[in-house]
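Asker: Sequence unavailable; structure follows:
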């Protein structure tokens, strides 16, 4: 249990923390600006995806927007269900789609599993956001979220900008693209703990007394289940 104090002492402590929170937010705003100011790289590879409305290129995933957020959802072609941790993240995406569209942004999840498996799992989970299969392209491998057993064994499976650190074939990430005319540019990608800010439940857990309450677990997300499995 934390210290129990008077109303006046609690208010003083809260105001002191508020100053730190304001400084953190200012630093976060500055970092966000630097993130948006990163240089772009042109995507010349003709990636193809299977979607509910047929075969599409990467440019075709933008819809009416000029900006695209891709959630790299862990779903191996041989799995019968999507990753539970990725599902934890994806549970908040439906409510964001329309808001993002109002600011010229499309959001799509992309996985290596066949489209029929993706759509069946989406129906199970009650989601509506767009989901595309990259099963026929090298997209997942090129963006550092899928790795072959040979890469893992050889120590060449590079994840989160580190050399040879991936130990499993599928890992999560977020990538951002922009469309200028017919040209697609990659502007940003983040992985591992870089995904934390995009999980609304974790942000809520961070403000309660017990926090994420993961310190005594075998691994941090051991407690996480698919929403329909609790």
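Answerer: That came in fine, so what should we check first? Predicted, not measured: the structure shown is a model, and the values here were computed from it.

Asker: Check which helices and strands the longest helix along the chain is in contact with.
Answerer: Taking DSSP state H as the criterion, the chain has its longest helix at helix 7-36. The contact analysis (3 or more CB pairs under 8 Å, 6 or more residues apart in numbering; DSSP states H and E) places helix 7-36 against no helix or strand. No exception for glycine: its C-beta is placed from N, CA and C like everyone else's.

Asker: can you give me the helices in this protein?
Answerer: Listed in chain order, the helices of the chain (DSSP H) span 7-36, 84-90, 94-101, 115-125, 139-142, 149-154, 200-205.

Asker: can you tell which of these is closest to residue 42?
Answerer: Of all the helices of the chain, it is helix 139-142 that lies closest to residue 42, at 13.6 Å by CB to CB.

Asker: Please compute how far that closest one lies from its chain's middle.
Answerer: Remark: helix 139-142 is offset 15 Å from the chain centroid, using CA atoms, centre = their mean, to the nearest Å.

Asker: residues of it that come out buried?
Answerer: Using 16 or more other CB atoms under 10 Å as the test for burial, helix 139-142 gives 139, 140.

Asker: ok, and what's touching it?
Answerer: Contact with helix 139-142 is made by 45, 47, 49, 58, 72, 110-112, 134, 146-148, 170, as judged by CB atoms under 8 Å, 6 or more residues apart in numbering.

Asker: Could you do stretch 56-64 as well?
Answerer: Here stretch 56-64 has contacts from 43, 46-49, 51, 68, 70, 101, 106, 108, 130, 132, 139, 177, 179, 182, 184, using CB under 8 Å, 6+ apart.

Asker: follow-up on the earlier one: check which residues of the longest helix of the chain are buried.
Answerer: Under the neighbour-count criterion of 16+ other CB under 10 Å, helix 7-36 has nothing buried.

Asker: Now find how far off-centre that helix is within its chain.
Answerer: Here the centre of helix 7-36 is set off from its chain's centre by 25 Å, with CA atoms, centre = their mean.

Asker: what's the answer for stretch 158-169, then?
Answerer: Per CA atoms, centre = their mean, the centroid offset for stretch 158-169 relative to its chain is 17 Å.

Asker: What is the end-to-end distance of it?
Answerer: 11 Å (CA to CA, to the nearest Å).

Asker: Only the buried residues of that stretch, if you could.
Answerer: Going by neighbour count (16+ other CB under 10 Å), the buried part of stretch 158-169 is 159, 160, 166, 169.

Asker: Need these in CSV (columns: distance to residue 89 and pLDDT).
Answerer: As requested, these are exported to CSV (distance: CB to CB, whole Å; pLDDT from 0 to 100):
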residue, distance to residue 89, pLDDT
159, 17, 98
160, 16, 98
166, 19, 97
169, 19, 98
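
Asker: so can I have a markdown table of the helices of the chain showing mean pLDDT and distance to residue 76?
Answerer: Shown next, in a markdown table, are the helices of the chain (pLDDT from 0 to 100; distance: least, CB to CB, whole Å):
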| stretch | mean pLDDT | distance to residue 76 |
| --- | --- | --- |
| helix 7-36 | 98 | 30 |
| helix 84-90 | 98 | 11 |
| helix 94-101 | 97 | 24 |
| helix 115-125 | 98 | 10 |
| helix 139-142 | 98 | 10 |
| helix 149-154 | 97 | 12 |
| helix 200-205 | 97 | 24 |
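
Asker: And those helices: which comes nearest residue 213?
Answerer: Comparing those by CB to CB, helix 200-205 comes nearest, at 7.6 Å.

Asker: What are the buried residues along the closest one?
Answerer: For helix 200-205, burial by neighbour count (16+ other CB under 10 Å) applies to residue 202.

Asker: tell me what that helix is packed against?
Answerer: Partner elements for helix 200-205 (3+ CB pairs under 8 Å, 6+ apart): none found.
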